[in-house]
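Undergrad: just to be clear, the model below is a prediction. Sequence and coordinates:
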Amino acid sequence: MVNLTFYGGVKEIGGNKILLEDRGTKIFLDFGMSFTRRGQFFEEFLNPRSANGIGDFLAMGLIPDIPGVYRTDLLEHMGRKAVETDISGVILSHAHADHANYISFLHKDIPIYCGETCKRILEAVAEQSTRDIENEVIDFRVRPLYRSGYKHPPVKRTFHTFTTGKKFKIDNLEVEPIHVDHSVPGAYGFIIHTSEGPVVYTGDLRMHGLHAEMTNDFITAAQTERPLAMISEGTRINKKKTDESEQKISQDSTKKIQQCHTLTIVDFNFKDVDRFTTFYRIAKNLGKTLVINFKHACFLEQYCHDKKLNVPSVNDPNLALLKPKRLTGTYINDDYTDSYIKNRLHYHNIVTAPDITKNPSKYMVVLNFWYFSDLVDLKPTNGLYVHSLSEPFNEEMEISYDRMKNWLTHFDMEFFQSHCSGHINGDDLKELIRTINPKKLYPIHTDYPGLFRRLSIKTTMVKEGKTYKL
Ligand SMILES: [Zn+2]
């Protein structure tokens with residue numbers, strides 16, 4: 001008997017935590033943070049208190065209350081008895097926070113299985129973020145954290161990394177990871193060989209990106225197995241095929257940037273290595289320098305280890321690193337206390353805002369909205385702002401979006417939107433499902449579950465915390 005338990009109903013956008021049990025072996029497929037669920041109760045200045053262990057997370061339903069899963073220090077911190085874990089592993093599909101971040105809370109003896117590049121991205125995330133209880137994926141500090149506790153090194157989690165097509169075993173379960181194309185490298189779908197038959201998990205994927213052949217490898221492998229069940233993402237099941245593509249972003253943005261005779265600012269998610277490559281190539285072709293920040297450098301240095309990603313090194317002649325204004329505001333090296341900056345201050349291609357303002361048309365600066373105060377120093381008057389991210393899809397994002405537009409108006413900057421999604425559209429997804437043709441389908445991560453019913457496949461609309469027998 002194989003059981004599937006979904007922590008997060010069909011409509012939960014992100015926060016995947018799926019428990020698979022087979023002959024006494026229990027594994028999780030992803031263990032992510034649900035932004036929607038967290039956003040129901042918390043916001044920027046109202047956060048779960050780490051001073052309460054995982055108490056606030058459990059009380060507010062951000063994580064399921066199940067025994068044998070969580071860190072013993074966090075349980076004891078909230079006055080519960082620590083228990084040993086009976087979970088044999090987590091298979092992590094990719095490094096996005098809504099799939100990975102709540103691994104932070106998991107018992108230290110639960111090994112994590114993920115792609116090699118996925119692990120590297122998690123390392124980059126850890127290097128440049130301030131440690132908090134919600135991002136301790138790679139390692140964690142035992143709580144409660146007393147001042148003396150800083151003397152001890154953090155507790156490292158056990159990771160086992162894999163590459164595409166290389167099967168591995170977790171107890172008696174054989175797992176086959178197959179690469180897929182998504183808006184982050186190192187993304188995988190899985191075929192899990194259970195005692196009842198093969199179970200397929202798509203993770204997040206798409207067909208319209210630069211590496212459709214990877215998703216096709218996954219589809220072919222899954223189809224051959226004649227799966228008993230498939231757990232499928234459905235983020236954009238309501239969307240038709242469009243002309244969106246990475247090539248279109250490159251063409252449209254090149255045209256726009258060529259017309260700009262002063263500073264160009266671009267904003268995209270640095271976890272998306274294809275998008276980075278798109279803007280790096282545009283800069284190179286137009287004889288400009290792409291200016292990234294020290295946080296981006298952490299990611300780029302990790303990407304460089306994966307030869308298939310074919311990215312330039314941080315000291316490439318078409319790249320520069322922007323030194324932020326800190327403490328005294330005079331750019332002296334003493335101003336920098338964060339180790340991810342301190343360790344890189346000797347790089348030869350570091351620039352400051354005054355360097356850029358001397359010759360603004362020579363640069364394209366990668367700048368996220370949260371760093372817009374840098375615009376005061378970059379003086380981008382009459383410049384261009386390329387927004388290569390999704391448009392706002394909730395109220396909070398709308399508010400930030402309006403504020404972002406105010407900055408652009410203030411500096412007389414032109415706004416240009418150019419983006420393509422990391423998720424498969426409805427037309428492609430329906431075709432994928434028909435091709436793989438599982439006996440049973442469990443859609444997740446979708447606002448439009450009803451659209452799955454139109455397929456002639458037995459479909460279950462999963463409910464929060466409910467167990468389904470295969
Ligand atoms: Zn994702």
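TA: That came through, no problem.
Undergrad: show me what contacts Val273?
TA: 184-185, 303, 309, 311 (CB atoms under 8 Å, 6 or more residues apart in numbering). The way it works is simple: take the backbone N, C-alpha and C, and place the C-beta from them, glycine included.
Undergrad: show me where the stretch 201-350 of the chain has strands.
TA: 229-233, 264-267, 289-293, 319-322, 350-351 (DSSP state E, counting those that start in this stretch).
Undergrad: the fourth one pairs with which strands, parallel or anti?
TA: Just to be clear, that refers to strand 319-322. Strands that pair with strand 319-322, judged by DSSP bridges, come out as strand 289-293 (parallel), strand 350-351 (parallel).
Undergrad: most packed of those?
TA: strand 289-293 (a mean of 23; mean count of other CB atoms under 10 Å).
Undergrad: of all the strands of the stretch 201-350 of the chain, which one is nearest the ion?
TA: Of all the strands of the stretch 201-350 of the chain, it is strand 229-233 that lies closest to the ion, at 8.3 Å by CB to the ion.
Undergrad: helices and strands around that closest one, which ones?
TA: strand 197-201, helix 426-436, strand 440-444 (3 or more CB pairs under 8 Å, 6 or more residues apart in numbering; DSSP states H and E).
Undergrad: ok, that strand near the ion or not?
TA: No. Using CB under 5 Å from the ion, strand 229-233 stays clear of the ion, coming no nearer than 8.3 Å.
Undergrad: tell me how far stretch 316-331 lies from the chain's centre.
TA: 26 Å (CA atoms, centre = their mean, to the nearest Å).
Undergrad: end-to-end on that stretch?
TA: 23 Å (CA to CA, to the nearest Å).
Undergrad: over to stretch 371-381?
TA: By CA to CA, one end of stretch 371-381 lies 17 Å from the other end.
Undergrad: with just CA atoms, put the host helix or strand of Ile192 into CSV.
TA: Take DSSP states H and E as the rule and Ile192 turns out to sit in strand 188-194. C-alpha atoms of strand 188-194 as CSV (Å, rounded to 0.1, in the frame of the first residue of the first chain):
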residue,chain,number,x,y,z
TYR,A,188,14.1,18.1,-11.7
GLY,A,189,11.0,16.0,-12.1
PHE,A,190,10.9,12.5,-10.5
ILE,A,191,9.7,9.0,-11.2
ILE,A,192,9.4,7.2,-7.9
HIS,A,193,9.2,3.4,-8.2
THR,A,194,6.8,2.3,-5.4
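Undergrad: just list what that strand packs against, helices and strands only.
TA: strand 17-22, strand 173-179, strand 197-201, helix 212-224.
Undergrad: alpha carbons of the helix or strand of the chain with the lowest mean pLDDT, as CSV, please.
TA: Ranked by mean pLDDT, DSSP states H and E, the weakest helix or strand in the chain is helix 450-453, scoring a mean of 89. Presented in CSV, the C-alpha positions along helix 450-453 are these (Å, rounded to 0.1, in the frame of the first residue of the first chain):
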residue,chain,number,x,y,z
GLY,A,450,-11.6,22.7,-12.3
LEU,A,451,-9.8,23.0,-15.6
PHE,A,452,-8.0,19.7,-14.9
ARG,A,453,-11.4,17.9,-14.8
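Undergrad: now the element after it, going C-ward?
TA: Next element after helix 450-453 (DSSP H and E): strand 458-459.
Undergrad: that next one pairs with which strands, parallel or anti?
TA: strand 440-444 (parallel).
Undergrad: the longest helix in the chain is where?
TA: helix 395-410 (DSSP state H).
Undergrad: what stretches of the protein score poorly on pLDDT?
TA: Scanning the chain for pLDDT under 70 picks out no residues.
Undergrad: residues contacting the residue nearest the centre of it?
TA: Closest residue to the average C-alpha location of the chain: His96 at 1.8 Å, with CA atoms, centre = their mean. His96 makes contacts with 14, 32, 184, 204, 271, as judged by CB under 8 Å, 6+ apart.
Undergrad: among the residues you listed, which one sits closest to the ion?
TA: Comparing the contacts of His96 against the ion with CB to the ion places Asp204 closest, at 3.6 Å.
Undergrad: apart from its neighbours in sequence, what residue is nearest that closest one?
TA: Leaving aside its sequence neighbours, Asp204 sits nearest to His182 (CB to CB, 6 or more residues apart in numbering; 4.9 Å).
Undergrad: I'd say that neighbour and His94 touch.
TA: Yes. Using CB atoms under 8 Å, His182 makes contact with His94 at a distance of 5.9 Å.
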